Structures are given as structure tokens and as C-alpha cells.
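**Q** Sequence and predicted structure, then a few things I'm wondering about:
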Amino acid sequence: MEKAITKKKLKIGSKLSICGASIIGGKEGINPLENIDNSTMLSITTNGSLPARWDTKLGYHPRRMIIRKLPSIFFDGGIVSAIDIVVCRKFPILYSETLSNGMMVTRNAKEEEEARREALGYDIYGVRQQQSSSNKKETAIERRVSGYFKIRICDHISEAEQPWATLLLSNANELNHMDISEGYRYKIFFVVPYHPKNKKYPGLDLKTTRVTRWEPAPTLNSLNSYKSRFLTKCDGFHLQDLSTDFDLVVLVLQTGPATLEVVNGRKLYKQTLIVTDESSSICRINFRLPIHPFSNIKGQVLGLLNLRYEMYDTKFDITCLKATDESESMSKISSAPEYIQKGIIHLKQWVQNHPDTVQEMYKRLQNIVQ
């Protein structure tokens with residue numbers, strides 16, 4: 001807003017279309033002529049305001065909300081009244097717990113389920129342990145847990161190359177997560193730009209507020225930058241944006257040993273898989289696995305979602321990837337999305353039909369290790 005005033009794009013006589021304004025200094029509005037000491041003011045934000053035509057009638061806005069395009073949102077412009085978007089990617093829900101000593105612990109859904117089980121007094125076999133009602137109450141109060149997850153979004157109507165933005169949904173639960181689907185359109189009200197501590201993706205970052213609302217909307221337009229999920233081959237990373245997440249279906253050539261480490265009170269198994277696919281290229285994937293590590297899964301076909309690119313090793317011709325808390329692995333076809341199912345079936349058939357090529361990959365890996 002200050003920049004617009006400085007550049008004289010906003011001056012005396014200009015009209016603004018304002019949405020999401022709030023009163024500060026008082027509970028109710030006041031006649032401007034009676035507001036002598038300026039004790040009551042109307043607070044507006046840049047993201048909640050747009051220039052209006054010179055002949056626009058003053059008064060209440062005829063439209064309920066001002067919908068802003070993602071590229072027009074200012075990162076320091078305050079709350080955004082509304083956006084009309086398509087969900088391009090949805091990531092798994094995570095949980096953050098504040099412990100009694102002030103330490104923050106992040107868990108995935110399986111870890112949180114385990115933590116809830118222990119807090120309620122069940123053992124690993126699901127048998128309820130003897131516990132007094134007062135202890136149960138104290139345990140429930142002591143746990144301060146909040147769920148959250150991220151989605152990548154684009155405008156419902158946008159250019160094919162429009163960069164995606166990232167929206168953090170805070171104070172979320174499993175139902176919130178289930179209600180949102182990739183490829184669907186939503187109108188979202190009252191979100192705010194922010195600077196994440198660990199910025200993962202380029203572009204705009206938004207987060208929900210206590211007053212955020214969602215409205216599913218019919219998908220009337222296909223002219224946007226949404227692209228459905230697809231599989232990347234082990235030799236295909238250079239053809240894509242390396243700042244995005246990658247989905248793969250791979251054959252495991254080697255399962256590395258697991259090393260237990262404790263990060264902020266959280267037990268994680270550090271482990272590496274060496275994998276390939278029908279491209280005959282090799283990838284190394286670094287995992288930090290909660291609960292339990294991979295067993296010896298050499299020769300198995302896995303579906304892997306939301307992997308991150310790290311580097312390309314020119315000496316050994318290996319692409320290095322890493323898994324995060326938002327990564328997923330699946331070997332059962334029944335629990336996998338359709339495109340992963342097709343990829344697993346196709347790769348298993350390829351392995352059966354090309355045993356010599358597979359053996360060559362094992363030999364190549366042995367030469368690299370030696």
C-alpha cells in the first residue's frame with residue numbers, strides 16, 4: 001500500500017474495493033466526523049484491497065469477496081480475502097507435539113497413532129494397561145498436539161506455466177485431510193502469506209487462519225497449470241523442475257544397513273536404498289524412517305511418492321534422492337493409487353522379461369561398491 005502511494009498509483013480521490021477490513025480501537029464503528037482523536041480506525045490490507053473504477057458506486061461491495069490471483073498476492077500485504085484454486089498436490093498429514101520441556105516433536109500419522117496408543121495406556125498388542133482415572137486425565141492434558149499438512153495450488157484460471165504456491169493447513173485433522181483431493185477446485189477465504197522457517201518450494205507460501213473457510217466449487221475450466229501425478233524414470237530428472245517432488249516405481253538392488261539416530265527426541269532409522277527401473281539408471285535414496293527400518297527388500301518393487309532431488313553423482317552416474325516426512329512407500333498394489341499400481345505391474349513384468357538386464361545392473365552395482 002505504501003509503495004502504491006509513493007508511486008502515486010493511490011492518491012486522494014482514488015477509489016478502492018475493500019474486503020476483510022477490521023475495526024481497531026473500538027468494538028463498533030463510529031462516524032468519521034465524531035472520531036476526533038482517531039481512537040477508532042478501520043484497518044485494511046493490501047491483499048484485501050483492489051483499485052476500483054472511477055465511476056464505481058460507493059458503499060457496500062456488491063460481491064461478497066474479492067478473489068485475488070496468486071501472482072497478485074503480496075507476501076507482506078496481510079490477509080487475503082479469497083482465492084479460487086485447484087489443488088495440484090496434497091501431502092500426508094503430520095503432527096507436531098509440544099513436550100513438557102518445551103521441545104517440539106514432529107510425527108507422521110503412524111507415529112502419532114503409536115503415541116496416542118501409549119498415552120491411552122495400551123501396549124503394542126492393543127491390551128489396555130491398568131491406569132487410574134486421574135493419570136489418564138493428566139496424560140490427556142499433557143499432550144499438546146496439532147495436525148497440519150501442505151498442499152500445492154494454482155489458480156483455477158491461469159496460464160499453463162504459472163508457478164504453484166504452497167498452502168499450509170494448520171490445526172487440521174484426518175477429516176480435513178480426507179475432504180481435500182488433488183485436481184479439485186476450491187474457494188478458500190481468509191489465508192495469509194508467511195515466511196516458513198525451512199522453505200521447501202519456490203514461490204508464494206500461504207497458511208490458514210482461525211477464520212479460514214473452504215467451499216468446494218465445480219471445476220469449469222481446464223486452462224490452468226495443474227498436472228496430475230505421474231511417474232519419473234530414474235534417468236528422467238534432468239527433464240523436470242528439480243525443486244518439485246518426484247514419484248517413482250523402482251526395483252530395489254540393495255538395502256543398506258539401518259542406523260538409529262535420535263533427532264529432537266524422535267527415533268529415526270537412517271537407511272539407504274539403491275534402486276533402478278527399466279531405464280537401467282541407478283538412484284540412491286536416503287531415508288530417515290520412524291518406527292522401524294526396511295527389512296532386506298532386495299529384488300522387490302516399490303512405489304515411492306514425494307521424493308526430493310539432492311544431487312547427481314557424475315563419477316558413478318547415480319542420481320541421489322532423499323525421502324522426507326511427507327514421502328510415502330508402498331509395495332501392496334491394493335493400497336496404491338492407480339498410476340502407482342500400473343507402474344508396479346509394468347515394472348514387475350519388465351523384470352521377468354529382462355533377467356539378463358537385471359543381472360547386469362547387479363554387477364554394475366557391485367563394481368561401484370568395490
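**A** Great, that's in hand. Residues are numbered from 1 along each chain as shown.

**Q** Which stretches in the stretch 201-350 of the chain count as helices?
**A** Using DSSP state H, counting those that start in this stretch, the helices assigned to the stretch 201-350 of the chain run over residues 338-353.

**Q** And the strands in it, which stretches?
**A** Per DSSP state E, counting those that start in this stretch, the stretch 201-350 of the chain carries strands over the ranges 205-217, 245-255, 259-263, 266-276, 282-289, 301-313, 318-322, 328-330.

**Q** Mean pLDDT, mean neighbour count and distance to residue 148 added to these, as CSV?
**A** Glycine gets a C-beta too; all of them are placed from N, C-alpha and C. Formatted as CSV, the strands of the stretch 201-350 of the chain follow (pLDDT from 0 to 100; neighbours: other Cβ atoms under 10 Å; distance: least, Cβ to Cβ, whole Å):
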stretch, mean pLDDT, mean neighbour count, distance to residue 148
strand 205-217, 94, 15, 9
strand 245-255, 97, 21, 17
strand 259-263, 90, 10, 19
strand 266-276, 94, 19, 16
strand 282-289, 96, 21, 19
strand 301-313, 96, 19, 16
strand 318-322, 96, 19, 21
strand 328-330, 94, 17, 17
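
**Q** Residue 122: which of those strands is closest?
**A** Closest of the strands of the stretch 201-350 of the chain to residue 122 is strand 266-276, at 19.0 Å (criterion: Cβ to Cβ).

**Q** List the strands paired with the closest one, with their directions.
**A** Strand pairing for strand 266-276, determined by DSSP bridges: strand 245-255 (antiparallel), strand 259-263 (antiparallel), strand 282-289 (antiparallel).

**Q** okay, those in a markdown table with distance to residue 320 next?
**A** What follows is the strands paired with strand 266-276, written out as a markdown table (distance: least, Cβ to Cβ, whole Å):
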| stretch | distance to residue 320 |
| --- | --- |
| strand 245-255 | 12 |
| strand 259-263 | 18 |
| strand 282-289 | 5 |
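
**Q** Excluding chain neighbours, what is closest to residue 248?
**A** residue 304 (4.8 Å; Cβ to Cβ, 6 or more residues apart in numbering).

**Q** check contacts around residue 176.
**A** 147, 169 (Cβ atoms under 8 Å, 6 or more residues apart in numbering).

**Q** and if you look at residue 240?
**A** Residue 240 sits next to 232, 246 when contact means Cβ under 8 Å, 6+ apart.

**Q** ok, residue 67 - how many residues close by?
**A** 19 (other Cβ atoms under 10 Å).

**Q** where's it relative to residue 155, distance?
**A** 9 Å (Cβ to Cβ, to the nearest Å).

**Q** again with residue 223
**A** Here the criterion is Cβ to Cβ. By it, residue 223 lies 10 Å from residue 155.

**Q** The two: which has the busier surroundings?
**A** Using other Cβ under 10 Å as the criterion, residue 223 and residue 155 rank with residue 155 on top: 24 against 11.

**Q** Provide the partner residues of the more buried one in its beta bridges.
**A** On the basis of DSSP bridges, residue 155 is bridged to residue 85.

**Q** so what's it up against?
**A** Taking Cβ under 8 Å, 6+ apart, we find residue 155 in contact with 69, 70, 83, 84, 85, 86, 162, 224, 225.

**Q** Return the per-residue confidence for it.
**A** At residue 155, the predicted lDDT confidence score is 95.

**Q** And it, how far from residue 365?
**A** Distance from residue 155 to residue 365, by Cβ to Cβ: 45 Å.
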